[in-house]
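Colleague: Sequence first, predicted coordinates after that:
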Amino acid sequence: MRQGGFRQSMAWLHTWSGLIVGWLLFAIFLTGTVSFYRAEISRWMQPELAQMTPSDDAATVALSRLRAIAPDARRWLVDLPDDRDPVAHLYVWRDAGRTPAFQREALDTATGEPVVARATYGGDFLFYFHFDLNMPSVWGRLIVGAAAIIMLVAIVSGVITHRRIFRDFFTFRPGKASHRSWLDAHNLLAVTALPFHLMITYTGLITLMFLYMPWGRDIAYQGDRQAFLAEASLATTIPPAANVSAPLAPIGPVLAETARRWDGAAPGRIDVYRPGDANALIELTSSDAAQIAFHRRKIVFDGTTGEVIRTTDSTRWATETQGVLYGLHIGRFADPFVRFLYVLSSLAGTAMIATGLVLWVVKRHPKRDERAKPGIGQRLVENLNVGAIVGLPIAIAAFFWANRLLAIEVDRRADLEAGCFFLAWLLAIAHPMLRPTGRAWTEQLTVAALMYGMLPVLNAATTGGHLGATLRRGDWVLAGFDLAVLAIGLALAWTAWHVGRRRHAPRRHLASSRR
Amino acid sequence: MKRGASRTDTLSRVAAAAVGGYALSATAAVGLALVLPVPRADAVLTGTMLSFIVYVCAVLWVFSAASATRAWTGLVLSAALLWAGLLAFGYRTP
């Protein structure tokens, strides 16, 4: 090896790969973490749904609704209500020439009527931002993919750099020189959840792998993607229309047969291909919660006779592997406890990125001469740190506030909510450039603490679902949201107070114990 | 990489990591899709899933090599080796 050595080149790689995508990764990790509670956030953002109880016969209600609104469809899809989401989600696709080509509706299966609730993207907004960055076409997804590869490089080079991985596991030196304690925090967060960080980053790439790496498929199949999907049992091929109308088989016996084959487990999704046509197919898919793999069990029935045509109980090993990796990423199989562990590990990842970014600045602080001014690059990094690490939480809070404060009937309401998110974020990025850095941290932390801490109050003032009511009736989704934002608000307030106190006792911690 | 490496050296390495690393991992994805002795769909899935690991290893190699030229040489040699193996062991005609 040459001068400097392998470990040093890995340290260089870790520092710079981490820095160039650090803020983006922070945003991807935080919105991804929040997305583990996507269904719960959506429910909080549509308080009109608070008391909804789905019908026992949701499938029949959903299919008759589809028959009424879309008899001419190529495909119907029903996501049935479950423990986390009391609404049935209907989707309709039509052949070219028929409009609308795509249609969706949220259905209250108790009444058979569409859900009447405020317009919002709900938890979906943060979920899509996580891999799409709200950008048109596939640009956001490509950027997120590149960031994920760089994240993997940063993780592996970080592990190589960090030679005393087990000893440092037990090292935390909070009172020591500040770059030491930041380094310890960074290492602790990285090492405790290292398998999770590796898993979540790699499996994230797997979710969109054919967007990033289509070459194997496109060359082996000479561009015939449908052939690949069918051969890998990844998709059901939509049959051609016979153009002979035939009534759809009743869903009751189909559900009964499915329950018999799946030991009583209920399906989570129903697809109907070519409804009302003699070639119709009904496909039942097991629920997300039934297995880790994202590719769920399926049974395909003849749409007119109700006979079983095929099942995918014996999935191919490669498809199953990909499905498990995909499923591990989105964590929909997780029960509330495992979901909470997911969120904790994911928060550790988010905090690892944040401490890494702070560490970059702290390490380069003018050491001996405290009056020396930091360079322009360092100022920029420090400002962006504030705008990302506190600014993004502020933007998310602004999104929640907008959901409660915007008039219900205002035009393009859902887009306005999203607009408030971006506006708040832009302000939070601009603000540190106009303020001394230390003060920018405390000011934004204080604003964030207030925005989260006051959310339950705002919720109580604008809806009937205040904590007293939701806790009494045991509505853990709504009560849990209020309690969680309250806890986040308190944590932010503590951090603001702590940072403010340090600012008033400047540099003591730097000067006293530097080695 | 070492501290104070020349700007051209660093830029060349960044290009090698981004473009060369991607090309090598794409080559691996295609090669495995064509050569693995399992059904075609399984070979495609396996090759594609492994290609990201190839990418990460390629980037680590690029930044640990003694010089940018070495880094490029390593990438080109590995790709050539992959194709040679493909030709030597025979592959599935698409």
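Modeller: Yep, it's here.
Colleague: alpha carbons only for contacts and neighbour counts from here, please
Modeller: Will do.
Colleague: name the element residue B:58 belongs to?
Modeller: Using DSSP states H and E, the element containing residue B:58 is helix B:40-64.
Colleague: tell me what that helix is packed against?
Modeller: helix A:5-35, helix A:139-161, helix A:194-207, helix A:209-212, helix A:215-220, helix A:317-330, helix B:21-35, helix B:68-89 (3 or more CA pairs under 8 Å, 6 or more residues apart in numbering or on different chains; DSSP states H and E).
Colleague: mean confidence for the third one?
Modeller: If you average the pLDDT over helix A:194-207, you get 96.
Colleague: residues making contact with that helix?
Modeller: Here helix A:194-207 makes contact (CA atoms under 8 Å, 6 or more residues apart in numbering or on different chains) with A:145, A:148-149, A:151-152, A:155, A:190, A:322, A:325-326, A:328-329, A:345-346, A:349, B:49, B:52.
Colleague: Residues in contact with the least confident helix or strand in chain B by mean pLDDT: which ones?
Modeller: Lowest mean confidence among the helices and strands of chain B (mean pLDDT, DSSP states H and E): helix B:68-89, at a mean of 90. Residues outside helix B:68-89 that contact it (CA under 8 Å, 6+ apart) are B:9-10, B:12-13, B:16, B:20-21, B:24, B:27-28, B:31, B:35, B:58, B:61-63, B:65.
Colleague: got the CA coordinates for it in CSV?
Modeller: Extracted in CSV, the C-alpha atoms of helix B:68-89 (Å, rounded to 0.1, in the frame of the first residue of the first chain):
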residue,chain,number,x,y,z
ALA,B,68,-6.5,7.1,-10.6
THR,B,69,-4.9,5.3,-13.5
ARG,B,70,-4.6,2.1,-11.4
ALA,B,71,-8.3,2.5,-10.4
TRP,B,72,-9.4,2.7,-14.0
THR,B,73,-7.2,-0.2,-15.0
GLY,B,74,-8.7,-2.3,-12.3
LEU,B,75,-12.2,-1.6,-13.4
VAL,B,76,-11.5,-2.3,-17.1
LEU,B,77,-9.7,-5.5,-16.3
SER,B,78,-12.6,-6.8,-14.1
ALA,B,79,-15.1,-6.0,-16.8
ALA,B,80,-12.9,-7.7,-19.4
LEU,B,81,-12.5,-10.7,-17.1
LEU,B,82,-16.3,-10.9,-16.7
TRP,B,83,-16.8,-11.0,-20.5
ALA,B,84,-14.0,-13.5,-21.0
GLY,B,85,-15.6,-15.8,-18.4
LEU,B,86,-19.0,-15.4,-20.2
LEU,B,87,-17.5,-16.4,-23.5
ALA,B,88,-15.5,-19.2,-22.0
PHE,B,89,-18.3,-20.9,-20.1
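Colleague: Around chain B, pick out the residues from the stretch 251-400 of chain A.
Modeller: Taking CA under 8 Å from any CA of the partner chain as the criterion, the stretch 251-400 of chain A approaches chain B at residues A:316, A:317, A:318, A:319, A:322.
Colleague: Filter these down to the buried ones, PyMOL style.
Modeller: Remark: buried members of these, expressed as a PyMOL selection using 16 or more other CA atoms under 10 Å in any protein chain shown:
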select buried, chain A and resi 316+318+319+322
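Colleague: Show me where the chain dips below the pLDDT cut-off.
Modeller: I'll assume chain A. The model of chain A has pLDDT under 70 over residues A:1-4, A:50, A:164-178, A:290, A:295, A:313-315, A:366-373, A:503-515.
Colleague: Correction: the question concerned chain B.
Modeller: B:1-5, B:90-94.
Colleague: what sits against residue A:356?
Modeller: A:18, A:183, A:186.
Colleague: how about the residues you listed in TSV, adding neighbour count?
Modeller: Shown next, in TSV, are the contacts of residue A:356 (neighbours: other CA atoms under 10 Å in any protein chain shown):
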residue	neighbour count
A:18	24
A:183	21
A:186	22
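Colleague: Excluding sequence neighbours, find me the nearest residue to the residue nearest in space to the middle of chain B.
Modeller: A centroid search over chain B (CA atoms, centre = their mean) returns residue B:24, at 2.4 Å, as the residue closest to the centre. The shortest distance from residue B:24 to any residue other than its chain neighbours is 5.7 Å, reached at residue B:79 (CA to CA, 6 or more residues apart in numbering or on different chains).
Colleague: how close does that neighbour get to residue B:17?
Modeller: Distance of residue B:79 to residue B:17, computed by CA to CA, to the nearest Å: 14 Å.
Colleague: which one of those two has more residues nearby?
Modeller: With neighbours defined as other CA atoms under 10 Å in any protein chain shown, residue B:79 and residue B:17 compare such that residue B:17 has more, 25 against 21.
Colleague: Got the phi and psi for that one?
Modeller: phi -70, psi -50 (degrees, to the nearest 10).
Colleague: Contact partners for the nearest residue to it once chain neighbours are set aside?
Modeller: Once flanking residues are discounted, residue B:17 sits nearest to residue B:59: 4.9 Å by CA to CA, 6+ apart. With contacts defined as CA under 8 Å, 6+ apart, residue B:59 is in contact with A:153, B:17, B:18, B:21.
Colleague: so how far is residue B:72 from the nearest residue to residue A:271 once chain neighbours are set aside?
Modeller: Nearest residue to residue A:271 in three dimensions, chain neighbours excluded: residue A:77, at 4.5 Å (CA to CA, 6+ apart). Distance, residue A:77 to residue B:72, by CA to CA: 50 Å.
Colleague: where does the closest residue to residue A:308 other than its chain neighbours land in three-state SS?
Modeller: Spatial nearest neighbour of residue A:308, excluding adjacent residues (CA to CA, 6+ apart): residue A:301 at 4.4 Å. Three-state assignment for residue A:301 (DSSP: H, G, I helix; E, B strand; the rest coil): strand.
Colleague: Hmm, residue A:301 is touching residue A:307, no?
Modeller: Yes. With contacts counted by CA atoms under 8 Å, residue A:301 reaches residue A:307, the gap being 5.4 Å.
Colleague: wait, the residue nearest to the centre of chain B sits on residue B:53?
Modeller: No. Between residue B:24 and residue B:53 there is no contact under CA under 8 Å: 11.1 Å.
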